[in-house]
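> What follows is a predicted structure for the sequence shown.
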Amino acid sequence: MMTIRRANERGHADHGWLNSYHTFSFANYHDPNWMGFRTLRVINDDTVAPGAGFGEHPHRDMEIISYVLDGALEHRDSMGNGRVIKPGEFQYMAAGTGVLHSEYNPSKRDPVHFLQIWIMPDKPGTKPAYGEKAYSSATPGRLNLVASKSGRDSSIRINQDADLWLAKFSDSETLTHELKPNRHAWVHVAEGSVELNGQKLSAGDGAAISKETRLQLAGSGKAQVLVFDLN
């Protein structure tokens, strides 16, 4: 069973310095039908104006992943991490018992476009942690494991039984992802358009998949897709 969430159905907030589209309920946008999917709680499609950003603020008990699509994002946190994240790079922060962080666009000219992802942890009160993974040169037509509970295959270790995969397409590549019994998937198209099990999805579209055994993705040009394999 597949349920498609179209990009134009998402919540939207334009704050001037921040233009944000919410796949799931977030801040002042509330839709009881879209409170998240399984342990996936937030996918925000954010564009931040030059020189603007999120000032220092707290988080706790949430797995937070950012993926930069265009521009640059400067991260600082109370664990002592400071880094400028560029296109094709993932940044992970386990908020755990509590962490302060800020996210800014360091450019004076160009906006930064990135995805902000929240996954609920499998237990509260874990130790805060930080991680990074770069896929700017990932081979098209392959699934690249970004994050997992075990940290297998050099992926980022997260506090949840969830796998996050990245697939890039440059033309008509195809790929398949097998779902084990009692597993579910959320597919989010970050850029471009693809076909998922015969259904066309475009940038910003998402799809919830349950009671299926296989995901088949087919590209038709340049595209990026995130696949969440969830319990």
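Good, I have the coordinates. Computed from a predicted model, the values in this text were never measured in an experiment.

> Which helix or strand contains Tyr67?
strand 63-70 (DSSP states H and E).

> Relative to whichever helix or strand comes after that strand, what are the paired strands and their orientations?
Sequence-wise, the next helix or strand downstream of strand 63-70 (DSSP H and E) is strand 73-77. Sheet pairing of strand 73-77 (DSSP bridges) gives strand 82-85 (antiparallel), strand 99-104 (antiparallel).

> what's the angle between the longest one and strand 63-70?
Taking axes from the mean of the first three to the mean of the last three CA atoms, to 10 degrees, one finds strand 99-104 and strand 63-70 inclined to each other by 10 degrees.

> Run a quick neighbour tally on Met1.
8 (other CB atoms under 10 Å). Glycine gets a C-beta too; all of them are placed from N, C-alpha and C.

> thought Ala13 was touching Asn28?
Yes: distance between Ala13 and Asn28: 6.8 Å, which falls inside the contact criterion (CB atoms under 8 Å).

> Please say which of the two ends up with more neighbours.
For Ala13 versus Asn28, neighbours defined as other CB under 10 Å are more numerous around Ala13 (15 against 8).

> Name whatever forms a beta bridge with that one.
Assigned bridge partners for Ala13, using DSSP bridges, are Ser20.

> quick one: low-confidence parts of the chain?
Of all residues in the chain, none has pLDDT under 70.

> Chain neighbours aside, what residue packs nearest to the residue positioned nearest the centre of the chain?
Geometric centre of the chain, nearest residue: Ile117, 4.3 Å, by CA atoms, centre = their mean. Nearest non-adjacent residue to Ile117, counting by CB to CB, 6 or more residues apart in numbering: Ile65, 4.3 Å away.
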